[in-house]
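> fold the following for me, if possible:
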Amino acid sequence: MRRMRCFQVVALAALVVTGGSKLAAASLSDTMLSGTVKSVDGKPMEGVAVSARPEGKTFSVTVYTDQAGKYTFPTLEDGTYKMWAQAVRFDTARATVQIASTKKAQENFTLKPLADFEKQLSGSEWIASLPDSTEADHHAKQLLVNYCTGCHGSAFPLQNRFDAKGWGILIDYMSNTTVMGTRVGSVPMNFELMLSIPDYSGPKQSSFFPMIQAHKAELVDYLARVRGPNSKLDYKPFPRPTGESTQVVITEYDIPTGDVPGYAPTPNGTIWSDGMPSWQEARGVHDASICGDGNVYFSDSGATDGRTMGKLDPRTGKVTSYMLKQQKNDIAVAIHGVVCDPNGSVWITNISENTTTRFDPQTGQFQRFPVPDGVEGTGGSMVMDSKGMLWVDTVAGFTKFNPKTGEYTAYKSVTPGGGKYGAAVDADDNIWISQMAFDILGKLSQKTGELTEVRLPSSEISKADEEINNQNVSMLASPYLGHKGPRRSGPFRSGDSVYFPEYWGNAIARINIHTNAVKEYPLPIPAALPYNVMADKNGNIWVDMFNAERFAKFNPTTEKFTVYKLPSMGYETRYIDVDNSTDPPTVWVPASRTNKIARVQFRTAAN
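Residues are numbered from 1 along each chain as shown. Sure thing, here's the model as predicted:
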């Protein structure tokens with residue numbers, strides 16, 4: 001087993017493309033590795049992911065084919081590369097090539113149709129494939145998205161088949177499991193053991209997610225019909241990337257776990273036909289922020305007995321692990337949010353000890369700032385305003401921390417509760433906090449000290465659903481049916497708007513910071529589940545998609561989305577960051593299920 005305590009510094013391979021340079025649009029005449037991808041009928045295939053991995057290394061580079069089926073890589077180091085080309089509905093094509101600076105290499109692929117391609121589907125594609133033509137099926141599908149995607153995507157459970165008993169036991173198991181996998185209540189620890197009990201009838205009510213149990217019978221009936229042992233679906237995979245969506249170069253870094261050096265689970269999402277990998281084997285990376293020193297600092301929410309935080313140096317590819325032991329034991333502190341300040345410090349939300357903590361990259365040392373009695377110190381998200389003050393969401397509302405004095409100031413939200421999860425600051429230094437389970441955005445004016453709130457437009461639900469809502473408690477990962485779930489957001493340094501993702505509403509909300517007027521923009525991918533948004537220096541809004549193995553750019557001027565596909569399965573992205581020091585900006589996407597961090601560079605011809 002890999003969950004063992006140790007402190008490790010793990011070296012990855014050298015970076016393929018210089019992190020701070022412009023990425024020119026390579027042509028077939030000036031690249032060292034290129035080729036074409038065609039189907040068996042000889043037709044060129046656009047939007048195919050072509051990946052190259054240096055032999056013996058722990059990173060891969062992916063590009064996409066253009067309209068003519070051609071692909072081109074940026075400059076690669078000399079050596080032997082394993083290559084593969086992938087597209088949904090097709091078998092993976094593989095090759096081995098030798099790269100030498102004195103000789104151009106060309107590798108052409110032919111993709112053969114794949115009869116059974118269901119494991120290649122993202123969670124969004126699974127949801128799109130589920131039947132909803134009747135009112136009953138439509139309602140059951142809404143329940144599935146609302147109550148079974150708060151902690152994980154939908155592809156992992158739906159790639160399996162169970163009868164009614166199996167799905168019922170799985171619902172019991174998951175409704176008594178916390179976000180971090182901790183078991184609560186009297187339900188047995190082992191899912192297989194539960195299946196083996198002939199007369200198992202389940203708990204009378206959930207200990208953690210009561211809303212799931214409230215709709216259990218309807219969910220079991222639907223799942224047993226659509227994903228039973230002999231059920232069939234009309235699969236609806238999305239179209240492959242086209243046009244601007246293909247003009248990216250994505251470098252995926254494997255992030256080894258903090259407790260076992262070099263540990264890499266198999267499968268890890270690299271080959272789509274392997275299906276969705278297990279979260280328990282590779283979970284770790286939560287937030288990943290690019291800082292002023294050019295390094296990416298990431299929080300580790302998985303291997304808490306081996307690493308508190310990690311650093312990826314894109315210039316060398318080296319990963320360094322740092323461990324802060326809890327004061328009450330030898331277990332590593334668990335953290336969530338990561339924020340870099342202009343002075344070179346890295347600030348983290350120390351959720352194990354409920355205190356804001358500073359990390360000094362120069363010394364590798366952590367410094368705790370104790371929270372006074374009566375003040376909530378640490379939440380899930382953290383943001384820095386223009387004056388260098390740090391703000392975090394808390395159960396009661398939000399807390400300000402002054403890094404210069406170590407002083408905390410607590411604020412209570414207008415409406416108590418609501419599952420706070422998301423802190424943002426706008427161009428006027430107003431502080432915004434999302435109350436995910438209540439569809440409320442709390443707002444603090446630092447100029448006047450006034451606390452107000454903005455409520456998202458409500459969705460219509462049936463009287464029966466409203467009655468069930470009134471009888472149960474809405475929670476962070478299991479809200480009332482019809483709620484939109486505003487989640488995490490980043491700083492907005494300019495303009496007159498702040499943006500929040502609507503997780504279950506599958507949209508982003510644009511709020512005017514002067515009038516509080518709300519405008520919503522539905523995502524072009526169904527059940528994508530946007531988790532976090534971030535603005536770049538050009539005013540574009542970047543949106544991660546927890547359930548889709550994709551992310552998107554939203555242009556506020558044209559009000560249009562551009563969707564980009566990620567090269568692996570199992571991203572379940574909980575954060576997205578932008579490096580504005582490059583031109584065009586570089587996007588960083590951490591994979592929380594498979595312990596990878598992706599750097600996305602955009603070919604200049606597309607910008």
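
> now do the helices in the stretch 401-550 of the chain.
If you assign secondary structure with DSSP state H, counting those that start in this stretch, the helices in the stretch 401-550 of the chain sit at 463-471.

> strands of that one, residue ranges please.
Listed in chain order, the strands of the stretch 401-550 of the chain (DSSP state E, counting those that start in this stretch) span residues 407-412, 420-425, 431-435, 440-444, 451-455, 488-489, 497-502, 507-512, 518-522, 530-535, 541-545, 550-555.

> quick one: pLDDT of the nearest residue to residue 307 once chain neighbours are set aside?
The shortest distance from residue 307 to any residue that is not its chain neighbour, by Cβ to Cβ, 6 or more residues apart in numbering, is 2.3 Å, and that residue is residue 258. Every residue, glycine included, has its C-beta placed from N, CA and C. Predicted confidence (pLDDT) for residue 258: 80.

> over to residue 188?
The confidence metric pLDDT takes the value 53 at residue 188.

> one more: residue 5?
Looking at residue 5, its pLDDT stands at 27.

> and what of residue 483?
Residue-level confidence at residue 483 comes out at 88, pLDDT.

> the closest residue to it other than its chain neighbours: neighbour count?
Taking Cβ to Cβ, 6+ apart as the measure, residue 483 lies nearest to residue 439, with 5.4 Å between them; neighbours along the chain are not counted. If you count neighbours by other Cβ atoms under 10 Å, residue 439 ends up with 26.

> quick one: the helices in the protein?
With DSSP state H as the criterion, the chain has helices at 123-129, 135-147, 155-158, 164-175, 191-196, 210-214, 216-226, 279-282, 463-471.

> run through who's touching the first one.
For helix 123-129, contacts defined as Cβ atoms under 8 Å, 6 or more residues apart in numbering pick out 88, 121, 141, 144-145, 149, 153-156, 158-159, 233-238, 525-529, 545, 547-550.

> filter those residues to the buried ones?
Buried members of these, scored by 16 or more other Cβ atoms under 10 Å, are 88, 121, 141, 144-145, 149, 153-156, 158-159, 237-238, 525-529, 545, 547-550.

> residues contacting residue 33?
Applying Cβ under 8 Å, 6+ apart, we find residue 33 in contact with 52, 72, 73, 76, 81, 97, 99, 104, 105, 106, 107.

> again with residue 367
Contacts here follow Cβ under 8 Å, 6+ apart; on that basis residue 367 touches 357, 358, 359, 360.

> try residue 595
Residues near residue 595 by Cβ under 8 Å, 6+ apart: 254, 255, 256, 257, 268, 282, 283, 284, 285, 302.

> pLDDT below threshold where in the stretch 151-300 of the chain?
178-197, 199-208, 282 (pLDDT under 70).

> all strands of it, in order?
According to DSSP E, counting those that start in this stretch, the strands that the stretch 151-300 of the chain contains are 248-254, 285-290, 296-300.

> can you give me the strands in the stretch 1-150 of the chain?
Under the criterion DSSP E, counting those that start in this stretch, the stretch 1-150 of the chain carries strands at the ranges 9-10, 33-39, 49-54, 59-64, 70-72, 79-86, 93-99, 105-106, 109-111.

> any chance of the contacts of residue 33 in a markdown table, plus neighbour count, pLDDT and distance to residue 327?
Putting the contacts of residue 33 into a markdown table (neighbours: other Cβ atoms under 10 Å; pLDDT from 0 to 100; distance: Cβ to Cβ, whole Å) gives the following:
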| residue | neighbour count | pLDDT | distance to residue 327 |
| --- | --- | --- | --- |
| 52 | 22 | 97 | 46 |
| 72 | 21 | 96 | 53 |
| 73 | 24 | 96 | 49 |
| 76 | 19 | 91 | 47 |
| 81 | 24 | 97 | 47 |
| 97 | 16 | 97 | 52 |
| 99 | 19 | 93 | 50 |
| 104 | 14 | 89 | 58 |
| 105 | 18 | 94 | 55 |
| 106 | 12 | 95 | 59 |
| 107 | 19 | 97 | 55 |
